[in-house]
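1. I would like the atomic coordinates for the input below:
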Amino acid sequence: MLLFAFLLVFAACNKDEEEEAQLAPTSTQNGFAINYTATWCGHCGNWGAPLIHDYATAAPNGAVLTAHGSNDPMTNSYYGGFTADRTTGGGIPSFWVGDVKTTSATAMTDLLTKGAEAGVDYSYSISGTSMTVKTKTKFFSPTAGAYYISVLVLEDGINGNSTSGQYKQSGTSNSYPNDDYKHDFVLRTAATAGSYGELISTNPADAAEVTKDYTITIDAAWVNPYPVVIIWRYDATAQAPQYKFVNSLKKK
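-> Numbers count the residues shown, from 1 in each chain. Model (predicted):
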């Protein structure tokens, strides 16, 4: 029995090592956008939702997300965590692309032309209400500083049509004449309590790699949740945002 238990542990360790070996971060810039929104906000449904979809189309491998504000059934503490450094500017919908507060149609394509000082790759699995995410970050000529990683859980396709009760999205009568509105890219939870994640390296060397594993509790009612991973560099001397966007990845 002891030998059998040892073999099981050994096999599990080998599997983890094989998965980590297959992860291959690159310096390709995948992009990032966040939309502050709410179900009761007419402008959020009228032009905010189409714009965040445009950014997602431009950056299919990037972390594009919506954070829902107060008095919204999809709100959570991560909204306040992000707005503390990337402010709304006093109203919603409000967008950030990378480190720029903007509603420019070309902001994402402009961001994607830039190289990245770090890249990340990950794998994930879901068992019941547990999501396991294995990440590998690699640095490419990094800037001196403190680097953080966020592992966020998003959900697409939440019904927001006229019969969805508290999930009904205001302002969609013209944009969605078939009354088929869906809430996409909804930020549900994260691996850490803070929106900008946890410290993974300080002053990393070129080609340095960091592997991190996370287990996240998810709600059984969420349909097809998936993780996105974001790398940040914290600069305490900079004007907001002090968490500078580095790179991200979305794999569904």
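2. can we go C-alpha only for contacts and neighbour counts from here?
-> Fine.
3. so what's Leu187 bridging to?
-> When bridges are called by DSSP bridges, Leu187 pairs up with Leu154.
4. now for the helix or strand containing Leu249, which elements pack on it?
-> Using DSSP states H and E, Leu249 sits within strand 243-250. Here strand 243-250 touches strand 32-37, strand 63-68, strand 118-127, strand 226-234, going by 3 or more Cα pairs under 8 Å, 6 or more residues apart in numbering; DSSP states H and E.
5. of the ones you listed, which is nearest Glu198?
-> strand 226-234 (9.6 Å; Cα to Cα).
6. how far off strand 63-68 does the closest one point, in degrees?
-> Relative orientation of strand 226-234 and strand 63-68, computed by axes from the mean of the first three to the mean of the last three Cα atoms, to 10 degrees: 90 degrees.
7. pLDDT (mean, whole number) over strand 226-234?
-> The pLDDT scores in strand 226-234 average 98.
8. how about stretch 183-198?
-> 98.
9. span of it from start to end?
-> 28 Å (Cα to Cα, to the nearest Å).
10. now it: buried residues?
-> Buried residues in stretch 183-198, defined by neighbour count with 16 or more other Cα atoms under 10 Å: 183-192, 195-198.
11. ditto for stretch 64-74
-> For stretch 64-74, by 16+ other Cα under 10 Å, it's Val64, Leu65, Thr66, Ala67, His68, Gly69, Met74.
12. just so I have it, where are all the strands in the stretch 151-252 of the chain?
-> Using DSSP state E, counting those that start in this stretch, the strands of the stretch 151-252 of the chain run over 158-159, 182-183, 186-190, 198-202, 209-217, 226-234, 243-250.
13. figure out which of those strands is closest to Thr83.
-> strand 243-250 (11.6 Å).
14. pull up the pairing partners for that closest one, direction included.
-> strand 226-234 (antiparallel).
15. distance from the partner strand to the middle of the chain?
-> Strand 226-234 has its C-alpha centroid displaced from the chain centroid by 6 Å (Cα atoms, centre = their mean, to the nearest Å).
16. tell me the angle it makes with strand 198-202.
-> Angle of strand 226-234 versus strand 198-202, following the same axes, to 10 degrees, is 50 degrees.
17. touching strand 226-234 from outside, list them.
-> 62-63, 118-120, 122, 124, 133, 145-155, 196, 242-252 (Cα atoms under 8 Å, 6 or more residues apart in numbering).
18. skipping adjacent residues, who's closest to Asp184 in space?
-> Nearest residue to Asp184 in three dimensions, chain neighbours excluded: Asp156, at 4.0 Å (Cα to Cα, 6 or more residues apart in numbering).
19. let me fix that: Ile126
-> Thr132 (6.4 Å).
20. who's that neighbour bridged to?
-> Going by DSSP bridges, Thr132 forms beta bridges with Ser125, Thr215.
21. so who does it touch?
-> Neighbouring residues of Thr132 by Cα under 8 Å, 6+ apart: Tyr124, Ser125, Ile126, Asp213, Tyr214, Thr215, Ile216.
22. give me the buried subset of those.
-> The buried subset of the contacts of Thr132 (16+ other Cα under 10 Å) comprises Tyr124, Ile126, Asp213, Thr215, Ile216.
23. that older thread, of the buried residues of stretch 183-198, closest to Ala56?
-> Distances from Ala56 to the buried residues of stretch 183-198, taken by Cα to Cα, are shortest for Phe185, at 9.0 Å.
24. distance of the closest one relative to Ile34?
-> From Phe185 over to Ile34 (counting by Cα to Cα), the distance is 9 Å.
25. intersection of neighbour lists for those two?
-> Common neighbours of Phe185 and Ile34 (Cα under 8 Å, 6+ apart) are Val64, Leu65, Thr66.
26. pLDDT added to those, as TSV?
-> Converted to TSV, those look like this (pLDDT from 0 to 100):
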residue	pLDDT
Val64	98
Leu65	98
Thr66	98
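27. farthest-separated two in the buried ones among the contacts of Thr132?
-> Ile126 and Asp213 (13.6 Å).
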